[in-house]
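Quick one: sequence and predicted model below, then my questions.
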2 protein chains.
Amino acid sequence: MDDEVPPEFELPEFDLYGFTPYRLAVAAKRTSEELARLYRARFGITIPEWRVLVHLAHSGKVSVRDIEARVAMEKYEVSRAAKRLRESGLIERKENPEDRRLVVLSLTPKGREMMAELLPLAKAHQARLEARLGEAFAELEAGLEALLNETK
Amino acid sequence: MDDEVPPEFELPEFDLYGFTPYRLAVAAKRTSEELARLYRARFGITIPEWRVLVHLAHSGKVSVRDIEARVAMEKYEVSRAAKRLRESGLIERKENPEDRRLVVLSLTPKGREMMAELLPLAKAHQARLEARLGEAFAELEAGLEALLNETK
DNA sequence: GCGCTTTCATTGCAGATGCAACGAGATCCT
DNA sequence: AGGATCTCGTTGCATCTGCAATGAAAGCGC
């Protein structure tokens, strides 16, 4: 008679370390944290704020909506990041006269100054990462490219 | 005279979409969200809870400390996830008689039952992801492997 | 054996986050 | 024109999160 089999037998093997969503989450957390420390320690900004700033540095004058669509943030995240950045004097907000629902966000001179210092550091970080990964870097990027296109 | 140069000139080009930490964050968010919907809709659990459950399914009886070390969570995350899982009747907690600071977490029959249903779904999800990415999947994994070893 | 330090798990608190609702303004439709 | 609908940005609220502090137990040194 073989009833009372230990229930362990019913569970399939599953290796969390080989589970791609898990691996991605860990990888993202590690690289982001490294960077977040830099941003915060040196400039007192968070990652959502960083994303908004980068987009403004690149695109000049934009609305919350523009940023939302382009930097993978929800509009309320953009809105709150922008609020903090305004309070710090790094960006300013005007009203768009052509469509008064829209805001026009742009860097202040102070914000521009900070980005002039921060962007080279971010570039250096990217270069270090590429150097550290060597050959594997190109593979990682190719894989990410496929994944990002696929899940878009 | 060339003072009053527009300040735009001072900012280096920077492409957020080519910035690896950003790409990783977006990729992780997308894949996790896909999965989180499954977990939540079907079983009412969150990702931290899922991680704890997987570890318990794999390792039998373990402490918070064990889990913390192995599934990239802080101990308070584990502790709170375990609390919710206990309240749902999916895991149980005993005291370790050999070291009474330690807890012994394990799946209840109900939890075991749920995992017997959930693990195959997770495997299927992984298989789908591999299929969708095709060639690029191996590259992604090779790149992640290097990154995870490098930043460990 | 007895204080001192370390380890383990939990939790209070403050700040962050996500959802849904809101108000203001634009657009559409007849 | 003007009511219904849609878009944009913000915010109230409940929940979640991360940090640091706590309490309980073990280990360590003398």
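Perfect, thanks for sending it.

Show the average pLDDT along the one helix or strand A:Val104 maps to.
Using DSSP states H and E, A:Val104 sits within strand A:103-107. For strand A:103-107, mean pLDDT is 96.

what does that strand rub up against?
Here strand A:103-107 makes contact (C-beta atoms under 8 Å, 6 or more residues apart in numbering or on different chains) with A:52-53, A:56-57, A:60-64, A:67, A:82, A:90-96, A:115. Backbone N, C-alpha and C define where each C-beta goes, glycine included.

got the buried residues for it?
A:103-105, A:107 (16 or more other C-beta atoms under 10 Å in any protein chain shown).

Does DNA strand D have contacts with it?
Yes - contact of strand A:103-107 with DNA strand D is found when judged by C-beta under 7 Å from any atom of the strand, involving A:Val103.

Report the distance from that strand to the chain centre.
Mean-position distance between strand A:103-107 and its chain equals 20 Å (C-alpha atoms, centre = their mean, to the nearest Å).

With stretch A:36-50 instead?
On C-alpha atoms, centre = their mean, the centre of stretch A:36-50 falls 12 Å from that of its chain.

Give me the buried stretch members for that stretch, please.
Those would be A:36, A:39, A:43, A:45, A:47-50, for stretch A:36-50 by 16+ other C-beta under 10 Å.

Which of those residues fall within helices?
A:36, A:39, A:43, A:47-50 (DSSP state H).

Between which two of the residues you listed is the distance greatest?
A:Phe43 and A:Pro48 (13.6 Å; C-beta to C-beta).

Pull up the overlap in contacts between the two.
Shared contacts of A:Phe43 and A:Pro48, defined by C-beta under 8 Å, 6+ apart, are absent.

residues from chain A in reach of DNA strand C?
A:46, A:48, A:74, A:76-77, A:80, A:99-101.

Show the buried residues in those residues.
The neighbour-count test (16+ other C-beta under 10 Å) marks A:48, A:77 as buried among the residues of chain A next to DNA strand C.

Output the residues of chain A next to DNA strand C as CSV; include the columns distance to A:Thr20.
Output for the residues of chain A next to DNA strand C, formatted as CSV (distance: C-beta to C-beta, whole Å):
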residue, distance to A:Thr20
A:Thr46, 27
A:Pro48, 25
A:Glu74, 24
A:Tyr76, 29
A:Glu77, 25
A:Arg80, 31
A:Asp99, 42
A:Arg100, 46
A:Arg101, 40
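
mind listing which of the residues of chain A next to DNA strand C are in helices?
Under the assignment DSSP H, the residues of chain A next to DNA strand C contribute A:48, A:76-77, A:80 to helices.

and of the buried residues of stretch A:36-50, the nearest to chain B?
Checking those against chain B by C-beta to the nearest C-beta gives A:Ile47 as the nearest, at 7.9 Å.

Who are the contact partners of the closest one?
A:Ile47 sits next to A:32, A:35-36, A:39, B:25 when contact means C-beta under 8 Å, 6+ apart.

same deal with A:Glu141?
B:20, B:23, B:143.

ok, the first one touching A:Leu140?
This points to B:Thr20. Yes - between B:Thr20 and A:Leu140 a contact is recorded at 7.4 Å, counting by C-beta atoms under 8 Å.

And those two? Which one has more around it.
Set B:Thr20 next to A:Leu140 and count neighbours by other C-beta atoms under 10 Å in any protein chain shown: A:Leu140 wins out with 26 against 22.

Quick check: phi and psi at the more buried one.
Main-chain dihedrals, A:Leu140, degrees, to the nearest 10: phi -60, psi -50.

Identify the residue spatially nearest to it, adjacent ones excluded.
Distances taken as C-beta to C-beta, 6 or more residues apart in numbering or on different chains put B:Gly143 closest to A:Leu140, at 2.4 Å, once the chain neighbours are dropped.

Over to A:Thr108?
A:Thr108's closest residue in space is A:Glu92 (C-beta to C-beta, 6+ apart), at 5.3 Å.

try A:Ala146
B:Ala136 (3.3 Å).

Can you give me the buried ones in the helix or strand hosting the one you found?
Using DSSP H and E, B:Ala136 falls within helix B:135-151. For helix B:135-151, the neighbour count (16+ other C-beta under 10 Å) marks B:136-137, B:139-144, B:146-147, B:151 as buried.

low-confidence ranges in chain A?
Applying pLDDT under 70 to chain A flags the ranges A:1-9, A:152.

go again using 50 as the cut-off
With pLDDT under 50 as the threshold, chain A has low-confidence stretches at A:2-3.
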